[in-house]
Structures are given as structure tokens and as C-alpha cells.
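> Structure here, sequence nowhere to be found:
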């Protein structure tokens, strides 16, 4: 959730810097400080590490086959993810804790 805000704030700063300067929340997320970029870099590393692990494994396909999973529409998946994000941001928390504690 914070990684998304960091990416949006820096993207918006490249396109409309006056808007970002006028918004204290976005302004706090711009720049190159370690504190601001720690979570996006961590998330990118987690995705790359998972991909490398899957690629280097003896069985390069996920243990759960897509055919075995119940059908889920893209719209339902998007709404579920959006609600998870809104809930985490409303509680001033992070969606990682939800995934780590297996409540996703």
C-alpha cells in the first residue's frame, strides 16, 4: 500500500510537480531517501526472488495448478484487492500483515 503511494507520488511529481507540492501526503513520499524507497525495493526483490525460486526449482510450475483453483472473475479479484487496500490504508496499516497471517 505504501509502495503504491510512493510510486504514484513520484510519477505524479514527474508530470505535475505543483500538484504534489500542494499535497502534504504525496510530498512526504517523493525524493530518494532510503525511508521512502525501502518498501518498493523490498517488494520488487520479493517478486524477483519468487520468480527466481520458481525458475530454478526442479518443478518450475506452481504447486497449485490454475485448473484446480475455483473460477474467479477479474472483476471480483480486483474488487477484493481494492477492498483489502482500502481497509489497510484506512487502518493506517499494511496489506503484508494480512498475507503473512494467512487472512488473504
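In hand now; what should we look at? Keep in mind the model is a prediction, meaning the values are calculated, not measured.
> Number of residues surrounding residue 25?
When neighbours are counted by other C-beta atoms under 10 Å, residue 25 registers 9. To be clear about C-beta, it is placed using only N, CA and C from the backbone, and glycine gets the same treatment.
> swap in residue 57?
With neighbours defined by other C-beta under 10 Å, the count for residue 57 comes to 11.
> so what pLDDT did it get?
pLDDT, residue 57: 75.
> Over to residue 74?
For residue 74, the predicted pLDDT is 81.
> ditto for residue 52
pLDDT, residue 52: 86.
> any idea how far it lies from residue 14?
30 Å (C-beta to C-beta, to the nearest Å).
> and the strand or helix carrying residue 51, what does it pack onto?
Using DSSP states H and E, residue 51 sits in helix 34-56. In terms of contacts (3 or more C-beta pairs under 8 Å, 6 or more residues apart in numbering; DSSP states H and E), helix 34-56 is packed against helix 2-15.
> Next, the buried residues of the helix it packs on.
Buried residues in helix 2-15, counted by 16 or more other C-beta atoms under 10 Å: 2, 3, 5, 6, 9, 10, 12, 13.
> Need the contact partners of that helix.
The contact list for helix 2-15 (C-beta atoms under 8 Å, 6 or more residues apart in numbering) reads 19-20, 25-27, 29-30, 36-37, 39-40, 42-43, 85, 94.
> Quick check: the farthest pair among the residues you listed?
19 and 42 (27.3 Å; C-beta to C-beta).
> ok so, going back, need the buried residues of helix 2-15 in a markdown table (columns: distance to residue 89).
Below are the buried residues of helix 2-15 laid out as a markdown table (distance: C-beta to C-beta, whole Å):
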| residue | distance to residue 89 |
| --- | --- |
| 2 | 9 |
| 3 | 12 |
| 5 | 8 |
| 6 | 13 |
| 9 | 14 |
| 10 | 18 |
| 12 | 17 |
| 13 | 20 |
